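**Q** quick one: sequence and predicted model below, then my questions.
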Amino acid sequence: MRVLLFLLDTVFFILVGAALLRGWLNTRRMRMSNQPGPFVIAITDWLVQPLRRWLPRPWAQANADWASWLAALLLSLAYAGLVHLAWGGALPGVQTVDFWLTVPLLALQWLLRTALQGLMVLLLVYAVLSWVQPYAPLHGTLGRLLEPLLAPVRRVIPTVGGVDLSVLLWLIALQVALMLLA
């Protein structure tokens, strides 16, 4: 049973994370021809494109990529339903609760956890690339993607010995948020 849960976690983390990343890339108006754009499109197109046709035109053409956000939500609901069914309704730490209450709460927790963990991965890759290969194309893409988060922290906390501590502060804050979410 643990192997099944691990496989579900892995597959849905990649799918939900890709949908969230696609939504964020489109909201930031970034070109999808640069990495990780083609990978994200290849993984999520099967769900996002039909949702775009289904959404009302103002939502489909808005600044935010509502189809990608909705895809992440639907994938989270699917994950929560599968986990609920796999455990037979007896989720660890949860007493016997109705399916219609457990699944949305589990989906919301999963969506938040995936967003926080995905952001941690992006920040770690950005930090490592800034030390190892600062002129890599992916470093520029991640820089543009993470700038709205890092810029306010950079204004408050100065660099120490040429080291930008904004990524470290974000990683600590995200880890605390994950602890509170668990």
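**A** Perfect, thanks for sending it. Numbers count the residues shown, from 1 in each chain.

**Q** give me the residues contacting whatever helix or strand Ala173 lives in.
**A** Element membership of Ala173, judged by DSSP states H and E, is helix 166-181. By CB atoms under 8 Å, 6 or more residues apart in numbering, the residues outside helix 166-181 that reach it are 109, 112-113, 116-117, 119-120, 123-124, 126-127, 149-150, 153-154, 157. Glycine gets a C-beta too; all of them are placed from N, C-alpha and C.

**Q** quick one: average confidence on that helix?
**A** Mean pLDDT, computed over helix 166-181, is 96.

**Q** before we move on, back to that, so which of the contacts of helix 166-181 belong to helices?
**A** 109, 112-113, 116-117, 119-120, 123-124, 126-127, 149-150, 153-154 (DSSP state H).

**Q** closest to the centroid, which residue in the protein?
**A** Ala115 (3.3 Å; CA atoms, centre = their mean).

**Q** state the distance from that one to Arg2.
**A** Per CB to CB, to the nearest Å, Ala115 is found 24 Å from Arg2.

**Q** show me which of the contacts of helix 166-181 are buried.
**A** Buried subset of the contacts of helix 166-181 (neighbour count, 16 or more other CB atoms under 10 Å): Arg113, Leu116, Leu119, Met120, Leu123, Tyr126, Ala127, Leu149, Leu150, Val153, Arg154.

**Q** number of residues surrounding the residue nearest to Leu149 when sequence neighbours are not counted?
**A** Of all residues not flanking Leu149 in the chain, Trp170 sits nearest, at 6.3 Å (CB to CB, 6 or more residues apart in numbering). Applying other CB atoms under 10 Å, we find 20 residues neighbouring Trp170.

**Q** which one of the ones in helices among the contacts of helix 166-181 is nearest to Leu142?
**A** The nearest member of the ones in helices among the contacts of helix 166-181 to Leu142, counting by CB to CB, is Tyr126 at 4.2 Å.
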